[in-house]
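Enquirer: Pasting the sequence and the predicted coordinates here, then a few questions.
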Amino acid sequence: MSDAFPVNGMDAVVFAVGNAKQAAHYYSTAFGMRLVAYKGPETGSRDEVAYVLTSGSARFELRGSLRPGTDLARHVAEHSDGVIDLAIEVPDVEAAYTHALAQGAKGLVEPYTLEDDHGKVVLAAIATYGETRHTLVDRSNYSGPYLPGYVAAEPMVAPPDVKNNRVFQAVDHCVGNVELGKMDEWVEFYKRVMGFTNMAEFIGDDIATEYSALMSKVVADGTRKVKFPLNEPAIAKKRSQIDEYLDFYGGPGVQHIALATNDILTAVDHMRAAGVQFLDTPDSYYDDPELRARIGEVRAPIEELKKRKILVDRDEDGYLLQIFTKPVQDRPTVFFELIERHGSLGFGKGNFKALFEAIEREQERRGNL
């Protein structure tokens, strides 16, 4: 079937941050990413600075304002560090943008072309939930380090001493939190505008604990290269992690980014040694005979997973290993997931209760449950 909005994959996750240089150092050191491109006063950018880091196909752009009064400075003041753009690479920006607007999307930036000695890049942007946007990117005729206006940059630190010198190799999925009653609206947006389909949904007891609850649906493009779970709060005894996020972020936004790794044990060891804090999982999770029976044999001994607090889940297609960081900035908003897939296309449904109970323990410590 013809695809009116074909995508090649994720292009970049773009962050607005209060101090881009320090954020770049953090992601270089703690996440093992490699600085590859830069723009700032030295390149003629008078209002903002940006550092671009990669790990495999995963690309982060960290943008910071150089002066007060800019929209970027306002965004950081209101929301703190967070994701402002989930950029998507498409084969034809103009066609994708035209189709999106015809299907009711709000256009933010009409298609335009940037050029330099390395070639040209075509870009446009549409709005999604909150202040998040999707920049549409065609870089098929470009060989530079990132975009025109950016220069190649030397890595800040030595590469991690692990296989392939990287801790993870791709963005697996990006999760958005929206207000109560808005999840289905945004699911419909992605289906109508981008031709995405429902990949999974989690409601009711699937995604609740004794105290808090939420609802989640996953939309994805036909190739499953781009996957966007969407969460909304649900009525429960206490405030959920989604309520806490919406409160502290000041509205809808990207809650967490899942990073695909081929060796989650090594990834966790590297990141934890570099100071990354992960959610704790009680030993009882690993000692549960029902869990052991359900997951069967996995590549890592259960004791090694237990030592690192890595969760495991199995479905009809295979299994996955996953772990979640604590929030990586002062506000309890954005965090990360490491995920190692072995056939499973799921999102760890069997771990939801253990995960949310771990998040609730952190909420309780912060006084926000």
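Expert: In hand now; what should we look at?

Enquirer: From start to finish, how long is stretch 163-177 in a straight line?
Expert: The straight-line separation of the ends of stretch 163-177 (C-alpha to C-alpha, to the nearest Å) is 34 Å.

Enquirer: Can you give me the neighbour number for residue 239?
Expert: By other C-beta atoms under 10 Å, 17 other residues sit near residue 239. Heads up, the C-betas are built off the backbone N, CA and C, glycines and all.

Enquirer: Now do the SS call for it.
Expert: Following DSSP: H, G, I helix; E, B strand; the rest coil, the label given to residue 239 is coil.

Enquirer: close enough to count as contact, it and residue 364?
Expert: No. If you go by C-beta atoms under 8 Å, residue 239 and residue 364 don't touch, sitting 10.7 Å apart.

Enquirer: Give me the contacts around stretch 362-369.
Expert: Identification of contacts with stretch 362-369 by C-beta atoms under 8 Å, 6 or more residues apart in numbering yields 211, 212, 238, 239, 241, 244, 247, 279, 326, 332, 360.

Enquirer: ok, residue 109 - contacts?
Expert: Going by C-beta under 8 Å, 6+ apart, residue 109 touches 123, 124, 125, 135.

Enquirer: Now do the buried residues in stretch 40-57.
Expert: Buried residues in stretch 40-57, counted by 16 or more other C-beta atoms under 10 Å: 40, 48, 49, 50, 51, 52, 53, 54, 55, 56.

Enquirer: same question, stretch 330-339
Expert: 331, 332, 333, 334, 335, 336, 337, 338, 339.

Enquirer: And those residues, which is closest to residue 261?
Expert: Taking C-beta to C-beta as the measure, residue 261 lies nearest residue 338 of the buried residues of stretch 330-339, at 5.4 Å.

Enquirer: tell me which element the closest one is part of?
Expert: strand 335-342 (DSSP states H and E).

Enquirer: Does anything pack onto that strand? Which helices or strands?
Expert: Under the contact criterion of 3 or more C-beta pairs under 8 Å, 6 or more residues apart in numbering; DSSP states H and E, strand 335-342 touches strand 170-177, strand 253-260, helix 264-273, strand 318-324.

Enquirer: Filter the buried residues of stretch 40-57 down to just the ones in helices.
Expert: In helices, defined here by DSSP state H, there are no members of those.

Enquirer: got JSON lines for these, with distance to residue 220 and pLDDT too?
Expert: Formatted as JSON lines, these follow (distance: C-beta to C-beta, whole Å; pLDDT from 0 to 100):
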{"residue": "40", "distance to residue 220": "36", "pLDDT": "97"}
{"residue": "48", "distance to residue 220": "32", "pLDDT": "97"}
{"residue": "49", "distance to residue 220": "34", "pLDDT": "98"}
{"residue": "50", "distance to residue 220": "28", "pLDDT": "98"}
{"residue": "51", "distance to residue 220": "29", "pLDDT": "98"}
{"residue": "52", "distance to residue 220": "26", "pLDDT": "98"}
{"residue": "53", "distance to residue 220": "25", "pLDDT": "98"}
{"residue": "54", "distance to residue 220": "23", "pLDDT": "98"}
{"residue": "55", "distance to residue 220": "22", "pLDDT": "98"}
{"residue": "56", "distance to residue 220": "20", "pLDDT": "97"}
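
Enquirer: Just flag the most distant two among these.
Expert: 48 and 56 (26.5 Å).

Enquirer: Please name the residues that touch residue 134.
Expert: By C-beta under 8 Å, 6+ apart, the residues touching residue 134 are 85, 86, 87, 88, 125, 126, 127, 128.

Enquirer: how about a markdown table for those residues, with neighbour count, distance to residue 34 and secondary structure added?
Expert: Shown next, in a markdown table, are the contacts of residue 134 (neighbours: other C-beta atoms under 10 Å; distance: C-beta to C-beta, whole Å; DSSP: H, G, I helix; E, B strand; the rest coil):
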| residue | neighbour count | distance to residue 34 | secondary structure |
| --- | --- | --- | --- |
| 85 | 22 | 20 | strand |
| 86 | 22 | 21 | strand |
| 87 | 19 | 19 | strand |
| 88 | 22 | 22 | strand |
| 125 | 20 | 26 | strand |
| 126 | 21 | 30 | strand |
| 127 | 15 | 31 | strand |
| 128 | 24 | 28 | coil |
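
Enquirer: Which of the residues you listed sits closest to residue 73?
Expert: Using C-beta to C-beta, the contacts of residue 134 come closest to residue 73 at residue 85, 16.4 Å.

Enquirer: List the contacts of that closest one.
Expert: Counted by C-beta under 8 Å, 6+ apart, residue 85 has contacts 12, 13, 14, 61, 125, 132, 133, 134, 135.

Enquirer: and with 7 Å instead?
Expert: Contacts for residue 85 (C-beta atoms under 7 Å, 6 or more residues apart in numbering) come out as 14, 133, 135.

Enquirer: The helix or strand hosting the first one pairs with which strands, and in what direction?
Expert: The one in question is residue 14. Counting by DSSP H and E, the element that carries residue 14 is strand 9-16. Next to strand 9-16 in the sheet, as set by DSSP bridges, lie strand 58-65 (parallel), strand 82-89 (antiparallel).

Enquirer: With just CA atoms, put that strand into PDB.
Expert: Extracted in PDB, the C-alpha atoms of strand 9-16 (Å, rounded to 0.1, in the frame of the first residue of the first chain):
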ATOM      1  CA  GLY A   9      13.500   7.000  11.000                       C
ATOM      2  CA  MET A  10      14.300   9.300  13.900                       C
ATOM      3  CA  ASP A  11      16.600  12.100  13.000                       C
ATOM      4  CA  ALA A  12      17.400  13.700  16.300                       C
ATOM      5  CA  VAL A  13      16.000  14.300  19.800                       C
ATOM      6  CA  VAL A  14      16.500  18.000  20.500                       C
ATOM      7  CA  PHE A  15      16.700  19.300  24.100                       C
ATOM      8  CA  ALA A  16      16.400  22.800  25.500                       C
END
